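Colleague: Need coordinates for the following:
(4 chains)
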There are 2 protein chains.
Amino acid sequence: MTESQYLQFSSVTEGTYHYIRNLILTGHFMPGQRLRERELTEMTGVSRTPIREALRMLEQEQLLILESRKGFRIPIPTAKEITDFYELRAELEGFAAAKATHKSDAARLIEITEALNTAEESLNNEELSQVISLNNRFHDLVAIASDNESLGDMLSKLRAKVNLFRTLSWSGRRERPIETLRQHHLIFKAIKTRNEALARSRAMDHVMDSLPLVLEGLKSIHPVGEE
Amino acid sequence: MTESQYLQFSSVTEGTYHYIRNLILTGHFMPGQRLRERELTEMTGVSRTPIREALRMLEQEQLLILESRKGFRIPIPTAKEITDFYELRAELEGFAAAKATHKSDAARLIEITEALNTAEESLNNEELSQVISLNNRFHDLVAIASDNESLGDMLSKLRAKVNLFRTLSWSGRRERPIETLRQHHLIFKAIKTRNEALARSRAMDHVMDSLPLVLEGLKSIHPVGEE
DNA sequence: TAGGCAATTGCGGTATACAATATCCCGAAT
DNA sequence: ATTCGGGATATTGTATACCGCAATTGCCTA
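Modeller: Numbers count the residues shown, from 1 in each chain, chains lettered A, B, ... in the order given. As a prediction, the model looks like this:
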């Protein structure tokens, strides 16, 4: 990582936090793997102080766990944890969709429409990474449309962890973008027609739909030992 | 704070985190107030490094905000933020009650019954602080009964922030413990009779009930300047 | 040869020293 | 008298050095 990539952040700690966080979320580390402070200082070129502050932040976010006198490591999720997590996220995504049903104005609806249309185009052009990022953007926009910032923050963190599970278990495997996009359209239609109950249940089902695949992928995980 | 109080934690950083967190949650600091690292080192007797790590953790928990090169301070909540917060918490407490309807076994139900009975006794003996702590325990037990650890964690953090708002706005003012306890009984009855919809709606209403009082109290806040 | 004990080494935990930036106060000029 | 500017000071941000626990390895003994 070059110096220039840090400049967008107001401090070395912030930059280090995002740098390590990104490594975790992209599956660069394996479940159970230790993150040695020494290695991180060598990778980043910064001293241990900002590294440790960043690690503490990530621990609070539950993207890392700290075992006393043993340091930080990537958590190893169990099937139950993942299931609970998805149920929780489903509830909150459902809540966001329900609130968006009442709170979203015309401008916001247009914005979501455009995101969906662009995703459709990208799908036709087979630009898969584009599609995936626009699919994430759909959820973001719904959360924003729900007009509850705490909810938005919470969902973005939950999605980050969910993404971690996916990355860990699927490795390089792709989402089923066509089906996902179709479901997004259905959720949006319910929001647009101000059908709260339908928006909520479709959003919830949408989340729970991907759970079986993730649980299936979980079996293929081989946690690194490093006890 | 004496040395002995740190011993229950595995590191100075952990102890400092809980110490400062407790000060925040008990309303020891005013909204907008700066937490100078120097003062904290003098209060705790520990060096700046664990102080800063603890502050970073609290920032991640949104119990503090960090302005670049200006340090940490207690956030000043707006009425909208508080409202959004309560709505979010209501949704999650409702979810927890709904899940507890299915997941709670006999032992757990007995535990909750005992907590409610003890609270009742304390109320008759006019031990108010006891009642309040047992009221909090009720919510904890329901969250545990919901059998979703992520949900429990999230709710305990939300309740902490809500408590902060209450402390900030009411100062010393007491909860209406009688009415609270009555509502707890009603929620529990719905859980015990496995009436999911009723448990959910009663839990949600219970949370939203206290919002007007908090918003009223918010007007009396005088944020400290310290710009 | 196997098991246990001790010494060494590596790592995390803490404190301190140094650098950079913001804030505050006082004086001067308009 | 008020405002603007510059310097002093306080505070945050970062790096480094030190301390202590714990795990591992090797040696000694049974």
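Colleague: so where does A:Pro77 fall, helix or strand?
Modeller: Under DSSP states H and E, no helix or strand contains A:Pro77.
Colleague: ok, now the one 5 residues further on?
Modeller: Under the assignment given by DSSP H and E, the secondary-structure element containing A:Ile82 is helix A:79-103.
Colleague: right, and A:Arg21 touches A:Leu64 too?
Modeller: No: counting by C-beta atoms under 8 Å, A:Arg21 does not reach A:Leu64; the two are 9.5 Å apart. Every residue, glycine included, has its C-beta placed from N, CA and C.
Colleague: which stretches of chain A aren't confidently modelled?
Modeller: Chain A contains residues with pLDDT under 70 at A:1-7, A:168-175, A:222-227.
Colleague: Kindly report the domain assignment for it.
Modeller: For chain A, automatic domain parsing gives the domain ranges A:3-73, A:79-218.
Colleague: B:Arg56 is nearest to which of those?
Modeller: domain A:3-73 (4.8 Å; C-beta to C-beta).
Colleague: Does DNA strand D have contacts with the closest one?
Modeller: Yes: judged by C-beta under 7 Å from any atom of the strand, domain A:3-73 and DNA strand D are in contact via A:Ser11, A:Val12, A:Thr13, A:Val46, A:Ser47, A:Arg48, A:Thr49, A:Pro50, A:Arg69, A:Lys70.
Colleague: on that earlier part again, turn the domains of chain A into TSV, including mean neighbour count.
Modeller: Below are the domains of chain A laid out as TSV (neighbours: other C-beta atoms under 10 Å in any protein chain shown):
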stretch	mean neighbour count
domain A:3-73	17
domain A:79-218	18
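Colleague: Quick one: these as a markdown table, columns for distance to B:Ala197 too.
Modeller: Output for the domains of chain A, formatted as a markdown table (distance: least, C-beta to C-beta, whole Å):
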| stretch | distance to B:Ala197 |
| --- | --- |
| domain A:3-73 | 31 |
| domain A:79-218 | 13 |
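Colleague: So for DNA strand C, which of these sits nearest?
Modeller: Closest of these to DNA strand C is domain A:3-73, at 3.0 Å (criterion: C-beta to the nearest atom of the strand).
Colleague: does DNA strand C sit close to that closest one?
Modeller: Yes: under the criterion of C-beta under 7 Å from any atom of the strand, DNA strand C is reached by domain A:3-73 at A:34, A:36-38, A:48-49, A:52, A:66, A:68-72.
Colleague: Need the overlap of contacts for A:Arg21 and A:Leu64.
Modeller: Shared between the contact lists of A:Arg21 and A:Leu64 (criterion: C-beta atoms under 8 Å, 6 or more residues apart in numbering or on different chains) are residues A:Leu58.
Colleague: element containing the residue in chain A sticking out farthest from the centre, please.
Modeller: The C-alpha centroid of chain A is most remote from A:Arg69, which lies 29.7 Å away (C-alpha atoms, centre = their mean). Using DSSP H and E, A:Arg69 is not contained in any helix or strand.
Colleague: now could you export just the CA positions of the host helix or strand of A:His206 as PDB?
Modeller: Using DSSP H and E, A:His206 sits within helix A:196-209. Extracted in PDB, the C-alpha atoms of helix A:196-209 (Å, rounded to 0.1, in the frame of the first residue of the first chain):
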ATOM      1  CA  GLU A 196     -45.500  -1.700   3.600                       C
ATOM      2  CA  ALA A 197     -46.200  -5.300   4.600                       C
ATOM      3  CA  LEU A 198     -45.200  -6.600   1.100                       C
ATOM      4  CA  ALA A 199     -42.000  -4.500   1.100                       C
ATOM      5  CA  ARG A 200     -41.100  -5.900   4.500                       C
ATOM      6  CA  SER A 201     -41.700  -9.500   3.700                       C
ATOM      7  CA  ARG A 202     -40.000  -9.400   0.400                       C
ATOM      8  CA  ALA A 203     -36.900  -7.700   1.900                       C
ATOM      9  CA  MET A 204     -36.800 -10.300   4.600                       C
ATOM     10  CA  ASP A 205     -37.300 -13.300   2.200                       C
ATOM     11  CA  HIS A 206     -34.600 -11.800   0.000                       C
ATOM     12  CA  VAL A 207     -32.000 -11.900   2.800                       C
ATOM     13  CA  MET A 208     -33.000 -15.300   4.000                       C
ATOM     14  CA  ASP A 209     -32.800 -16.700   0.500                       C
END
